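Undergrad: Have a look; sequence and predicted model below, questions after that.
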Amino acid sequence: MTAPSVDRRKFNYRIYMAAIFGALVVIVAKLFAMQVVSTDFYKKASETNGIRMVPLLAPRGLISDRNGAILVKSRASYSMYLLPYEVENIDTVVTRLSPVMEQPPEEIREKIRLGWQGRFRPIRLKRDVDFKTVAYIEEHSLDFPGITFQVESTRQYPLDNMGSHIWGYVGEITENELT
C-alpha cells in the first residue's frame, strides 16, 4: 500500500509543478507581448492617459440692501478652454477659432503661450463667451478638437459695473502680484 501512495504523490507533485510552470510561461509570454511586441500601442495609450486639472470657482452670493433689494448678483457665463493634449495641430485650431472668437490668430497664440503649463493643463482662451458661440463650437466639435467650455459664475453689478470697487470684486492674480 505504501508504494502506490508514494507514486501517487510524485504524480501529483509533477502535475502541480507542470501547472505552475505553465502559468509562469503564460505570464512571461504575455509580458513579452506587452513590452516588446505591443510597445507602440501601450506607449501611445500612456501618453494620452493623464489627469485633467479643472479649476472650480466658488459660487458667490447675493448682496442686498437692508430692504432686500438686490445690489449685486451672480449669473452663469461660459469660459472657453483649450486642452492641449487633445489637439494634434494647434495652428489649425487657432485658425478655425479666430473668426469665431473675433480675435486675430496671433492674439490667440499669445494666450496659449502665456497660459501654457503643460500638455494636461487647460488654457483659458476667453471668458464670458456668448451662448451663440458656445452652441456653434459644440455643434462643430470635430472641427475644434480640444476646445471645451466651463460654466462659471460672473458678478453682475447695476449700471455697468458702477460701484464694483465698493461691493468688491474677484480677479485672477497676475505674475507680478504673485511675486
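TA: The structure has been received and is ready for your questions.
Undergrad: Lowest average confidence across helices and strands of this structure, where is it?
TA: Between all helices and strands in the chain, the lowest mean by mean pLDDT, DSSP states H and E belongs to helix 158-161, at a mean of 70.
Undergrad: what's downstream of it, the next helix or strand?
TA: For helix 158-161, the following helix or strand on the C-terminal side (DSSP states H and E) is helix 164-167.
Undergrad: what sits up against that next one?
TA: By C-beta atoms under 8 Å, 6 or more residues apart in numbering, the residues outside helix 164-167 that reach it are 63, 71-72, 155, 157. Glycine gets a C-beta too; all of them are placed from N, C-alpha and C.
Undergrad: Of these - the most surrounded one?
TA: Across these, neighbour numbers were computed from other C-beta atoms under 10 Å; V72 holds the maximum, 19 neighbours.
Undergrad: that older thread, from the contacts of helix 164-167, which shows the smallest pLDDT?
TA: Within the set of the contacts of helix 164-167, pLDDT is lowest for Y157 (78).
Undergrad: what about that residue, distance to G168?
TA: For Y157, the distance to G168 under the criterion C-beta to C-beta, to the nearest Å works out to 10 Å.
Undergrad: mind listing what's buried in the host helix or strand of E138?
TA: With secondary structure defined by DSSP H and E, E138 is part of helix 131-139. Residues of helix 131-139 classed as buried: 133, 137 (neighbour count, 16 or more other C-beta atoms under 10 Å).
Undergrad: Paired strands for the helix or strand following that helix, with orientation please.
TA: Toward the C-terminus, helix 131-139 is succeeded by strand 147-156 as the next helix or strand (DSSP H and E). The partner list of strand 147-156 in its sheet, established with DSSP bridges, is strand 70-82 (antiparallel).
Undergrad: Report the angle between the next helix or strand after the strand it pairs with and helix 131-139.
TA: Following the chain from strand 70-82 toward its C-terminal end, the next helix or strand by DSSP H and E is helix 90-101. Helix 90-101 and helix 131-139 meet at an angle of 150 degrees, taking axes from the mean of the first three to the mean of the last three C-alpha atoms, to 10 degrees as the criterion.
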